[in-house]
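S.K.: Fold the stuff below for me.
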Amino acid sequence: MSEFKNIFIYVSDALRYDYVPDSIAEEGNVIPTLTPGSYTPISFSSMLSGMNPSGHTVRSFYDTLENETFFDIFENHCYYDHPDSAMAKNVFGNHITSKELSEMEEPFLYVERALDTHTPYGEVGHGNDIPDDQSQEGDNKKLYKEGVESTEKHFRDHVEELKELGLYKDTLIIFTSDHGELLGKKMLGKNRYGHNKPVCRELNVGPTVFVNYEEDGWNRARFIDLIPTALDIIGRESLERIDGKSLNKELPEKGETMIQVSMKPPIIAKNNWYYKDGWKPGISKIKTDIATVVSDYLDNWKRKYRNRYRDRNNKNEEVEDVELLDGLEV
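M.R.: Prediction:
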C-alpha cells in the first residue's frame, strides 16, 4: 500500500513534449501523453471527469462540465487558476474552491493550471496574473523559452513548499500539460501559431512526469488516465463510469482527441491516435484536417465581419480576459 494520501497535479498550460525542462525530465520517465484536445476547456474537463471529449459537454470556456468529477471523491480539493478564470467560473462552476497549498487539509486533490508556457505570455508565475500591458508582438520562440524557464521555477517552488509543509512524502506529485503549442510551423497551407488546431503531434502529445513515484515502464498515457492512475497508486476508488484507466493495470492502445469548433450545435471533429506504430494518427485524421480547413475559413469570415461591424460603429475591441487569447494567432 502506498504511503501517499494526497495528489498534486501541476499542469503547465501549452507545454510541448519537446520543451520539458531538463531538471524535471531528470526526475523520472517523461511519458508521451495524448491530450483530449488542443484547447484548455476540453482537456481539463476530460482530465477531471475521466471522459473522452465525446463523453462530456464542454467545448469552450462558456460551457459547464455536467459530469461527475474526481473532485467529488475528495472532501478537500482545489482547482487553482487566475482570479477571473472562466475555467473556474463557467466550466467547473461549483466544483471549485480555490486555495493555496498551505491551506489544504489532508487528504486532498490539488490541480493547478499554470500559464507560464502559454503563448504569448512568457513569464507569468503563480496566480496567473497577466500584465495589463502584455504585448502580443515579438519572438514567439524566445517568449516560449522564457515561459519554460518560468514554469520550471514555478513548479520547483511548489515542490519546496510541500517539503516545508511536511507534505512531500504524503503527496503524489505529477507534472504534465493540457496540450502543446505551435510556434510557426507550416501546416495545412499556413504558418500556425498558438493552439487549438490542427490536430497534430505538436499540440496533442504532451509530457507527463511522476516526480516522486517510480513507475513501471510506462511508455504512453492519455491525459484521462492520469487521475485514475494516481487514485490507484494512493489506494482510493475511482469514479464508476470513466474512459480513463490506471496505467498500473493497462497501457492504452489508442486515444481520442479533438479540436474546438466555435459553432452551435457543437461539432465534434475528433481523431483517434494509435500508439504502437509510433504515435501515428488513425484514418480519421483526414476528416479532422478537413474540419480544420473549414473552421479556418469560417473564422476568417467571422473576423472580417466583426472588423467591419466595429469600424462602422467606431469601436475599438480590446482583449480584457486572458481566456480570449486561447488559440489566437499572434
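S.K.: And the closest residue to Leu247 other than its chain neighbours, which helix or strand is it part of?
M.R.: Nearest-residue entry for Leu247: Thr229, 4.6 Å, with adjacent residues in sequence omitted and distances by C-beta to C-beta, 6 or more residues apart in numbering. Every residue, glycine included, has its C-beta placed from N, CA and C. Counting by DSSP states H and E, the element that carries Thr229 is helix 226-234.
S.K.: Now do that helix, average pLDDT.
M.R.: Within the predicted structure, the mean pLDDT of helix 226-234 is 97.
S.K.: Helices of the stretch 1-150 of the chain, start to end?
M.R.: Per DSSP state H, counting those that start in this stretch, the stretch 1-150 of the chain has helices spanning 22-25, 40-49, 86, 140-164. These are given in chain order.
S.K.: okay, those, which one's buried deepest?
M.R.: helix 40-49 (a mean of 27; mean count of other C-beta atoms under 10 Å).
S.K.: Quick one: work out the angle between it and helix 226-234.
M.R.: With axes from the mean of the first three to the mean of the last three C-alpha atoms, to 10 degrees applied, the angle from helix 40-49 to helix 226-234 works out at 30 degrees.
S.K.: Contacts made by helix 40-49 with the rest, please.
M.R.: The set of residues external to helix 40-49 that reach it, using C-beta atoms under 8 Å, 6 or more residues apart in numbering, is 11, 13, 35-37, 51-53, 55-56, 58-61, 63, 65, 67-71, 79, 87, 91-92, 95, 111, 113, 178-179, 223-224, 226-227, 239, 242, 258, 260, 326.
S.K.: If any of the residues you listed are buried, put those into a ChimeraX selection.
M.R.: Here is the ChimeraX command that selects the buried residues among these (16 or more other C-beta atoms under 10 Å):
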select :11,13,35,36,37,51,52,53,55,56,58,59,60,61,63,65,67,68,69,70,71,79,87,91,92,95,111,113,178,179,223,224,226,227,239,242,258,260,326
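S.K.: Could you report the separation of Leu101 from Pro36?
M.R.: The span separating Leu101 from Pro36 equals 26 Å under the rule C-beta to C-beta, to the nearest Å.
S.K.: go on, Lys285?
M.R.: Between Lys285 and Pro36 the distance is 16 Å, computed by C-beta to C-beta.
S.K.: Check Glu215 too.
M.R.: Using C-beta to C-beta, one gets 21 Å for the distance from Glu215 to Pro36.
S.K.: One more: Asn191?
M.R.: 26 Å.
S.K.: now Asp116
M.R.: As for Asp116, its distance to Pro36 is 22 Å (criterion: C-beta to C-beta).
S.K.: One more: Phe210?
M.R.: If you measure Phe210 against Pro36 using C-beta to C-beta, the figure is 19 Å.
S.K.: Now do the SS call for Gly255.
M.R.: In the three-state summary, Gly255 is assigned as strand, counting by DSSP: H, G, I helix; E, B strand; the rest coil.
S.K.: got the buried residues for stretch 288-304?
M.R.: Neighbour-count burial for stretch 288-304, with 16+ other C-beta under 10 Å as criterion, is recorded at Thr288, Asp289, Ala291, Thr292, Ser295, Asp296, Asp299.
S.K.: Now these in JSON lines, please, with extra columns for secondary structure.
M.R.: Shown next, in JSON lines, are the buried residues of stretch 288-304 (three-state DSSP):
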{"residue": "Thr288", "secondary structure": "helix"}
{"residue": "Asp289", "secondary structure": "helix"}
{"residue": "Ala291", "secondary structure": "helix"}
{"residue": "Thr292", "secondary structure": "helix"}
{"residue": "Ser295", "secondary structure": "helix"}
{"residue": "Asp296", "secondary structure": "helix"}
{"residue": "Asp299", "secondary structure": "helix"}
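S.K.: got those residues as JSON lines, with distance to Met187 and pLDDT columns?
M.R.: Putting the buried residues of stretch 288-304 into JSON lines (distance: C-beta to C-beta, whole Å; pLDDT from 0 to 100) gives the following:
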{"residue": "Thr288", "distance to Met187": "12", "pLDDT": "80"}
{"residue": "Asp289", "distance to Met187": "9", "pLDDT": "83"}
{"residue": "Ala291", "distance to Met187": "14", "pLDDT": "79"}
{"residue": "Thr292", "distance to Met187": "9", "pLDDT": "82"}
{"residue": "Ser295", "distance to Met187": "13", "pLDDT": "79"}
{"residue": "Asp296", "distance to Met187": "11", "pLDDT": "80"}
{"residue": "Asp299", "distance to Met187": "15", "pLDDT": "74"}
